[in-house]
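Provided below are the primary sequence and the corresponding predicted coordinates.
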Amino acid sequence: MNQTDSSCPNFQARLETASVLVHRAIDAVRQKRIQKRNLIWLELTGCSGNIISLLDGANPDFKSLASQMVNFIYDNSLMAAEGEAAMDQLFRLTGGDYILAVEGAVSTKNDGLYNIIGRRKDRPVTAYEAIKKFGEQASCVIAVGTCASDGGISAARPNPAECVGIQNLLKRKVIKLPGCPCHPDWFMGTLAYVMLFGEPELDDRQRPLMFYSTLIHDICPRRPYFDQGIFASKPGEKTCMFKLGCRGPVTRVDCPIRKWNERVNWPIGDDSPCIGCAMFGFPDKMEPFISYDTT
Ligand code: SF4
């Protein structure tokens, strides 16, 4: 049997985790057992890939999240307001009655002036200031993607803007959802769990075990090739890519089950080695992303 065969009850159940949680949270909101929560989404130093990834969510999808589960108060890419009006909408939230989702690292050089997220009352609002203010007050903080979790590409050598993950600046627990980008299911499932039950069980890097407990290598459909010592010599071959530098053996996350782009495919399924984007230390500690003899 293919190790990620959808007929496996364990994998099928895990695949549906996010969907089940989101639908339970929406039902609970509808029946007034829990309240819709205010959600702030800050885009800091990064590429905005995580909010784009979230928009690609399917069962659960973004529309269900934004219309039935949370009050989406602020996200600079999606909101109608702009300029000072958008900043006012953000700063109007006080008292901690919101969940904070953050993508992107925080630039710390020169008091954060390398990343200005807006202007208010004729002065710049830096990512550094925003994470300090809204991160300390929020009822829950979720780092979405690798840059917010641990610095990621924004903090890669030589890191000229001195970027760090948000946990470095907050004296509180941050739930981390690394991945470049974060899978929409990982975020929506975690958010729904927080709303229903509080903090999910986390591993020693503060990642929810429901999504980050399995080594890619242990459930990779190419594992039989690895076990028999049949290795690809160049990208494009259909066997195990261990000798090309695949980071599946050190990367814990459920990509082989969940896949991407509405569950169409994932890197190894498309003959590209895993580059370990969901692991602490990505990208510097995961390089080179590929190695093979081109002579
Ligand atoms: S090394 Fe990579 S391609 Fe080979 S079995 Fe492990 S995860 Fe799959």
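Perfect, thanks for sending it. Computed from a prediction, not measured in an experiment: that's the story for all the values here.

how long is stretch 139-158 end to end?
34 Å (CA to CA, to the nearest Å).

Please point out which parts of it sit buried.
140-155 (16 or more other CB atoms under 10 Å). Backbone N, C-alpha and C define where each C-beta goes, glycine included.

try stretch 30-49
36-49.

now swap in stretch 288-295 and tell me
Phe289.

Dump it to CSV, keeping only the CA atoms.
Extracted in CSV, the C-alpha atoms of stretch 288-295 (Å, rounded to 0.1, in the frame of the first residue of the first chain):
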residue,chain,number,x,y,z
PRO,A,288,22.3,23.4,0.2
PHE,A,289,18.8,22.7,-1.0
ILE,A,290,20.0,20.3,-3.6
SER,A,291,23.3,18.7,-4.4
TYR,A,292,24.2,16.4,-7.3
ASP,A,293,26.9,15.8,-9.8
THR,A,294,26.4,17.9,-13.0
THR,A,295,29.6,16.9,-14.7
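
who's in contact with it?
Ser233, Lys234, Pro235, Lys243, Leu244, Gly245, Pro273, Ile275, Pro283 (CB atoms under 8 Å, 6 or more residues apart in numbering).

how far out from the middle of the chain is that stretch?
Relative to the chain's own centre, stretch 288-295 is displaced by 28 Å; criterion: CA atoms, centre = their mean, to the nearest Å.

Could you list the contact residues of this protein toward the ligand?
216-217, 220, 222-223, 226, 240-242, 246, 248-249, 268, 274 (CB under 6 Å from any ligand atom).

Just the buried residues of the contacts of stretch 288-295.
Here, 16+ other CB under 10 Å leaves Lys243, Leu244, Gly245, Pro273, Ile275, Pro283 buried among those.

for those, which one is nearest Glu201?
Nearest to Glu201, judged by CB to CB, of the buried ones among the contacts of stretch 288-295 is Ile275 at 26.9 Å.

Now the closest one. Nearest residue, chain neighbours left out?
Phe289 (4.5 Å; CB to CB, 6 or more residues apart in numbering).

SS state for that neighbour?
When classified by DSSP: H, G, I helix; E, B strand; the rest coil, Phe289 comes out as coil.

Check Gly104 and give its pLDDT.
Per-residue pLDDT puts Gly104 at 98.

on that earlier part again, buried subset of the residues of the chain next to the ligand?
Counted by 16+ other CB under 10 Å, those give 216-217, 220, 222-223, 226, 240-242, 246, 248, 268, 274 as buried.
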